[in-house]
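Participant: attaching a predicted model along with its sequence, questions to come.
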Amino acid sequence: MGCLKLFLPKSEIITLALLGIFLLPAMGTEISQFEWMGKNTDKVGTWDNGDPDGSMDGHFRIDLFLPDPTEIKSILLYTADENAHPVGGQFWDTAATNYYILGVFDQGTQLNNNHVTSLGTFSRDMQFDLYAADSGWFGKGNWFAIEVTLGDGTKITRLTSIGEPFIGTSESPSGELGPAKDDKSKIDGILQGDSKSSGSIDQSSGQSDSGTAIFDSWNTGAVDNSPTCSPILTISKPHMITYIDTYHWNDGQGTTSGGSISLQNGDGEIIGPWSVEAESASGVANAWWIARPNVVIPKGNYLIIDSQQETWSQNSESPCGFTKVEGYPVQADPVPEDDKEGQSVSKGTVRANVVIDGECDDLVEVLTSGCDAGLPDIPVELTFTYIPPAYYDVTPDTLRETTDENGMVYFKDVPAGSKFMLKTKVKTMEKEQEGIMPDPASDVYFLFDYTCKGSWPEEVRKAAEQNAGIGPEGVIHGVVTPVCGMEGVICSPECGLYPL
């Protein structure tokens, strides 16, 4: 992050400095916590209704760090995958959209009784309670992301999940699927849970359970082609996968022939692919693809991959594609290919971002010539030490990686349950953070922030806010962003690294 450079006539510089109304962009704004609280109260309704409607809502809590007065334009909650990409088509928003309302409460006070253009201007550490009408997705194992849009258009995102992985079908609102038909079709049978239509079969393993739906993104809305994401199957224990289907309406043209379906685990390994039986659906040839893998897969998260993405049906409720997976839990994971003894575990990636930024020493210097901007694009080495769980046949290890041009570094293949520590140093300032890889493993993100920040003493800040004016858009005017070097400003320890 570089320092702001403006070139203004000297008279205007003096005027701004005297009036003290120049407001620099807030730095260091972040979501410090985002967590699921439960489905335990009724605060809002659906669509634009911010009043209780008699149904229990999903309750999340978000903590924001706002070092400077900052406008929060909107907060968007959505169902996501482990990389915060939208999946499942479920959205709740505070802004004026067609999504269900997301109710925001500040210490019990509701900030929006309907969709609004702005939630207001806030500063310091803020905690909001978020309430969303239940659409059937608040189940264990489902991932949710929050996107906070600030007044300057900046968007910050944070991810969380609900307990252990959820096993069950996903509910979606109804609409219309393809052309209307008087007689019950195979597609109707799938949507109504008819096991004969869904192609369930008895297993050769001797188990009488022929498989039940463990993932289902079908809905009855009108469809388009070409999903931009892949559905994610999450299971909390090993499963025999008996059946997978996908839908290829393709504007009423179907497909010339069937392709294949496969799964991809968290390590990027492909399971399959399996050839499909392509059957007619809703009067369209080869629109319904059916695979019967009959394989056991370990617990974890799996992308469902279709070989013909361009004809795969999707809509706003299921933007990652129509698919259904059937199976049943088994007692143990499949034996690893190398036949090693010991427990099979998933692996994840630890990502670290090193942010290095200087700051100007004088407000006039900001306006005229700019100043030191820290160490952009300078590689920084991170040391990563991890201790795998006892049941995993790997010894503790120490790795060293250097940040890329974006200040990022990646430590891959970290076993679930591993304890680890990250260390880095810029000039003389060392920083370290520690963590544990979750089980099942996922991507874990850390930020090492070496940004030079200024802050007013508490009594000065309070006095400034009390004397500040509130503009027509809810923005606080008359509060100057504290820049290190200005009289009375307290500088963060990182400022000792600058000037270079």
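Facilitator: In hand now; what should we look at? Values in this document were obtained by computation on a predicted structure and should not be read as measured data.

Participant: buried residues in stretch 274-284?
Facilitator: 274, 276, 278, 279, 281, 282, 284 (16 or more other CB atoms under 10 Å). No exception for glycine: its C-beta is placed from N, CA and C like everyone else's.

Participant: for those residues, please prepare a markdown table with the additional fields secondary structure, distance to residue 267 and pLDDT.
Facilitator: Shown next, in a markdown table, are these (DSSP: H, G, I helix; E, B strand; the rest coil; distance: CB to CB, whole Å; pLDDT from 0 to 100):
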| residue | secondary structure | distance to residue 267 | pLDDT |
| --- | --- | --- | --- |
| 274 | strand | 19 | 90 |
| 276 | coil | 25 | 91 |
| 278 | strand | 30 | 89 |
| 279 | strand | 33 | 88 |
| 281 | strand | 34 | 79 |
| 282 | coil | 38 | 70 |
| 284 | strand | 37 | 84 |
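
Participant: of those, which is the nearest to residue 30?
Facilitator: residue 274 (43.7 Å; CB to CB).

Participant: mind checking how far the closest one is from residue 244?
Facilitator: 7 Å (CB to CB, to the nearest Å).

Participant: between these two, which contacts overlap?
Facilitator: Taking CB atoms under 8 Å, 6 or more residues apart in numbering as the contact rule, residue 274 and residue 244 both touch 261, 291, 292, 293.

Participant: surely the second one and residue 275 touch.
Facilitator: Pointing back at residue 291 there. Yes: if you go by CB atoms under 8 Å, residue 291 and residue 275 touch, sitting 7.1 Å apart.

Participant: hey, what's in contact with both of the two?
Facilitator: Common contacts of residue 291 and residue 275, defined by CB under 8 Å, 6+ apart, comprise residue 260.

Participant: related to what we said a few turns ago, distance to residue 132, pLDDT and secondary structure added to the shared contacts of residue 274 and residue 244, as a markdown table?
Facilitator: Below are the shared contacts of residue 274 and residue 244 laid out as a markdown table (distance: CB to CB, whole Å; pLDDT from 0 to 100; DSSP: H, G, I helix; E, B strand; the rest coil):
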| residue | distance to residue 132 | pLDDT | secondary structure |
| --- | --- | --- | --- |
| 261 | 32 | 95 | strand |
| 291 | 35 | 93 | strand |
| 292 | 37 | 90 | coil |
| 293 | 35 | 90 | coil |
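
Participant: contacts only, for the closest residue to residue 454 other than its chain neighbours.
Facilitator: Spatial nearest neighbour of residue 454, excluding adjacent residues (CB to CB, 6 or more residues apart in numbering): residue 482 at 3.8 Å. Applying CB under 8 Å, 6+ apart, one finds that residue 482 lies in contact with 454, 455, 456, 489, 490.

Participant: also residue 454?
Facilitator: Contacts of residue 454 by CB under 8 Å, 6+ apart are 359, 481, 482, 483, 484, 485, 486, 489, 490, 491, 492, 495.

Participant: any idea how far it is from residue 423?
Facilitator: 27 Å.

Participant: with residue 102 instead?
Facilitator: 39 Å.

Participant: who has more neighbours out of the two?
Facilitator: In this view residue 102 and residue 423 are compared by other CB atoms under 10 Å, and residue 102 has more residues nearby, 28 against 17.

Participant: what bridges to that one?
Facilitator: Listed beta-bridge partners, residue 102: residue 132 (assigned using DSSP bridges).

Participant: make TSV out of the shared contacts of residue 274 and residue 244 and add distance to residue 118 and neighbour count.
Facilitator: Below are the shared contacts of residue 274 and residue 244 laid out as TSV (distance: CB to CB, whole Å; neighbours: other CB atoms under 10 Å):
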residue	distance to residue 118	neighbour count
261	45	24
291	49	25
292	53	19
293	50	20
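
Participant: what's the farthest-apart pair in these?
Facilitator: Among the shared contacts of residue 274 and residue 244, the pair separated by the greatest distance (CB to CB) is 261 and 292, at 10.1 Å.

Participant: overlap in contacts, those two.
Facilitator: Common neighbours of residue 261 and residue 292 (CB under 8 Å, 6+ apart) are 244, 274.

Participant: neighbours of residue 288, how many?
Facilitator: 28.

Participant: wait, isn't it in contact with residue 278?
Facilitator: Yes: here residue 288 lies in contact with residue 278, judged by CB under 8 Å, at a distance of 7.1 Å.

Participant: could you report the neighbour count for residue 65?
Facilitator: Residue 65, neighbours per other CB under 10 Å, totals 15.

Participant: so it: helix, strand or coil?
Facilitator: The local conformation at residue 65, judged by DSSP: H, G, I helix; E, B strand; the rest coil, is strand.

Participant: how much space between it and residue 106?
Facilitator: 15 Å.

Participant: what do you get for residue 62?
Facilitator: In terms of CB to CB, residue 62 sits 11 Å off from residue 106.

Participant: same thing with residue 281?
Facilitator: Residue 281 is 50 Å from residue 106, where distance means CB to CB.

Participant: using a markdown table, lay out the shared contacts of residue 274 and residue 244 together with distance to residue 142.
Facilitator: Output for the shared contacts of residue 274 and residue 244, formatted as a markdown table (distance: CB to CB, whole Å):
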| residue | distance to residue 142 |
| --- | --- |
| 261 | 22 |
| 291 | 24 |
| 292 | 27 |
| 293 | 24 |
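
Participant: between those residues, which is closest to residue 448?
Facilitator: Closest to residue 448 out of those is residue 261 (41.4 Å), distances taken as CB to CB.

Participant: what residues are bridge-paired with the closest one?
Facilitator: Bridge pairing for residue 261 - DSSP bridges - gives residue 274, residue 306.

Participant: swap in residue 448?
Facilitator: residue 354.

Participant: contacting residues around stretch 41-58?
Facilitator: Taking CB under 8 Å, 6+ apart as the rule, stretch 41-58 contacts 36, 39-40, 59, 100-103, 105, 110, 112-115, 131-134, 138.

Participant: go again with 7 Å.
Facilitator: Contact with stretch 41-58 is made by 39-40, 59, 100-101, 103, 110, 112-115, 131-134, 138, as judged by CB atoms under 7 Å, 6 or more residues apart in numbering.

Participant: dump the residue contacts of the residue nearest to the spatial centre of the chain.
Facilitator: In the chain, the residue lying closest to the centroid (CA atoms, centre = their mean) is residue 84, at 2.2 Å. Contact partners of residue 84, counting by CB under 7 Å, 6+ apart, are 145, 157, 159.
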